[in-house]
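1. Model the following, please.
(2 chains)
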Amino acid sequence: MMDEDKELIFQCQRGKMKAFKTLVEKYKKPAFFVALGLVGNREDAYDLSQEAFVRVFRSIKRYNPEHKFFTWFYTILSNLCKNHLKRRGVQKSHLENIDLAQDVYSPDVILEKNEINLRLWEEISKLPYEFKEIILLKHFHEFSYRKISETLNIPLGSVMSRLYYARKKLKENLKDILD
Amino acid sequence: MDCQDVKTYLMAYIDGEIDSQKKSEIEKHLSGCEKCIKEYRSFLKLKEVTEKMKFTDLSDELWAGYWKGIYRRVERSAGWIFLSIGAIILLAFGVFQFFKEFFTDPSVSLIVKMGVGAFSLGIIILLVSIIRERLFLFRTERYREVER
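-> Numbers count the residues shown, from 1 in each chain, chains lettered A, B, ... in the order given. Below you'll find the model as predicted:
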């Protein structure tokens, strides 16, 4: 898989659009769902994940082949999502003087809209960004600890401790439905 | 293994990312520590709940249009680059023609020519300096993807 990505990126660096299309087709679903978890609604996730691919294309010559493609891609996508949330927070606080918007965390994106799932989604939306991303990578994208460590560029020990505190926080907020 | 060690490895135990030796040490501790087993069970319950939640997929139509959206953006940015290059060439040519005519015009006094010349040179030096600084930052800035 790694070699296939390297070959595709090598082709992209030589300006081959067909190779770039193959790369997009391969990673479009993980890209969209990662963004969806981070920003909370389909329209923004669709737009931001596409923008991340455009940025990849623009800076493909700077890509270091020693790193895994998805790790590099995730950094670009996560930064875009972070900036988007920051802007959204700023706009929201200008308008209504309240903190981050839960209303843009659309319940429509949940497959089974039962009370527990809706509440869980609401509580995930309120988590600090770094807790949210580790919960999403582990639970919704089923990444192994090693893959999380590579994607977030943190040691394995930090994956375990961050996951512990993220889950602890989520567990406390969901105490009423978990008991 | 004490409660603190269990806390360190509890996530790895729950997610099945632990070696067999540590696994049996944790199990041994859990069998005799009510506080840790309670915490373990509550984390397990959370894991079960979160694993049941799934996102809805996009329609086939939206997935089919995904690549087209990216292609359009890449194409447009290429268009803007060529447009900018063309505009810069035309502007540079216009400026060159203006200065050529201005400095060869005998009706304009030498002092005015010197003033305009020094003013223009100052602008060129400032522009070059700013462009060079921007290029240096672009090459060395690690967080250029992060908007501030």
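
2. for the strand or helix carrying A:Gly157, the distance to its chain's centre please.
-> If you go by DSSP states H and E, A:Gly157 is part of helix A:156-173. In terms of C-alpha atoms, centre = their mean, to the nearest Å, the centre of helix A:156-173 is set 17 Å apart from its chain centre.

3. Which positions in the helix or strand following that helix come out as buried?
-> Heading C-terminal from helix A:156-173, the first helix or strand you meet, by DSSP H and E, is helix A:175-178. Going by neighbour count (16 or more other C-beta atoms under 10 Å in any protein chain shown), the buried part of helix A:175-178 is A:Leu178. The way it works is simple: take the backbone N, C-alpha and C, and place the C-beta from them, glycine included.

4. which outside residues touch the helix or strand harbouring A:Ile134?
-> Secondary structure assigned from DSSP H and E places A:Ile134 in helix A:129-135. Applying C-beta atoms under 8 Å, 6 or more residues apart in numbering or on different chains, the contact partners of helix A:129-135 are A:37-38, A:78, A:82, A:85, A:124-125, A:127, A:148, A:152, A:159, A:162-163, A:165-167, A:169-170, B:50.

5. What residue spans form the domains of chain B?
-> B:3-52, B:57-105, B:109-143 (automatic domain parsing).

6. Also chain A?
-> Domain ranges of chain A: A:1-108, A:110-179, per automatic domain parsing.

7. Least reliable of those by average pLDDT, please.
-> Averaged per stretch, pLDDT over the domains of chain A is lowest on domain A:1-108, reaching a mean of 83.

8. Residues of chain B that sit close to chain A?
-> Contact residues (C-beta under 8 Å from any C-beta of the partner chain) of chain B with chain A: B:7-12, B:15, B:17, B:42-43, B:45-47, B:49-56, B:58, B:62-63, B:66-67, B:69-71, B:73-74, B:77, B:145-147.

9. which among those end up buried?
-> Restricting the residues of chain B next to chain A to buried positions leaves B:8-12, B:15, B:42-43, B:46-47, B:49-50, B:53, B:55, B:58, B:66-67, B:69-71, B:73-74, B:145, with burial counted as 16+ other C-beta under 10 Å.

10. and the top helix by length along chain A, what does it pack onto?
-> The single longest helix within chain A, with elements called by DSSP state H, is helix A:69-96. Packing contacts for helix A:69-96, counted by 3 or more C-beta pairs under 8 Å, 6 or more residues apart in numbering or on different chains; DSSP states H and E, involve helix A:2-13, helix A:17-39, helix A:42-58, helix A:129-135, helix A:145-152.

11. could I get the ones you listed as a markdown table with distance to B:Asp105?
-> Rendered in a markdown table, the data for those read as follows (distance: least, C-beta to C-beta, whole Å):
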| stretch | distance to B:Asp105 |
| --- | --- |
| helix A:2-13 | 51 |
| helix A:17-39 | 51 |
| helix A:42-58 | 45 |
| helix A:129-135 | 63 |
| helix A:145-152 | 65 |
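
12. center of chain A, which residue is that?
-> In chain A, the centroid-proximal residue (C-alpha atoms, centre = their mean) is A:Val34; its distance is 3.3 Å.

13. Let me see the contact set for the closest residue in space to that residue that isn't next to it in sequence.
-> In space, not counting the residues next to it along the chain, A:Val34 is nearest to A:Leu77; the distance is 6.2 Å by C-beta to C-beta, 6 or more residues apart in numbering or on different chains. With contact taken as C-beta under 8 Å, 6+ apart, A:Leu77 is in contact with A:Ala31, A:Val34, A:Ala35, A:Leu48, A:Ser49, A:Ala52.

14. Now flag whichever of the residues you listed is closest to A:Val24.
-> Comparing these against A:Val24 with C-beta to C-beta places A:Ala31 closest, at 8.4 Å.

15. Isn't that closest one up against A:Asp47?
-> No: between A:Ala31 and A:Asp47 there is no contact under C-beta atoms under 8 Å: 11.6 Å.

16. quick one on the thing from earlier: among the residues of chain B next to chain A, which are in helices?
-> B:7-12, B:42-43, B:45-47, B:49-52, B:62-63, B:66-67, B:69-71, B:73-74, B:77.

17. which parts of stretch A:122-135 are buried?
-> A:Glu123, A:Ile124, A:Ser125, A:Leu127, A:Phe131, A:Lys132, A:Glu133, A:Ile134, A:Ile135.

18. actually stretch A:51-71, sorry about that
-> By 16+ other C-beta under 10 Å, the buried positions in stretch A:51-71 come out as A:Glu51, A:Ala52, A:Phe53, A:Val54, A:Arg55, A:Val56, A:Phe57, A:Ile60, A:Tyr63, A:Lys68, A:Phe69, A:Phe70.

19. how many other residues sit next to A:Lys6?
-> By the other C-beta atoms under 10 Å in any protein chain shown criterion, the neighbourhood of A:Lys6 contains 15 residues.
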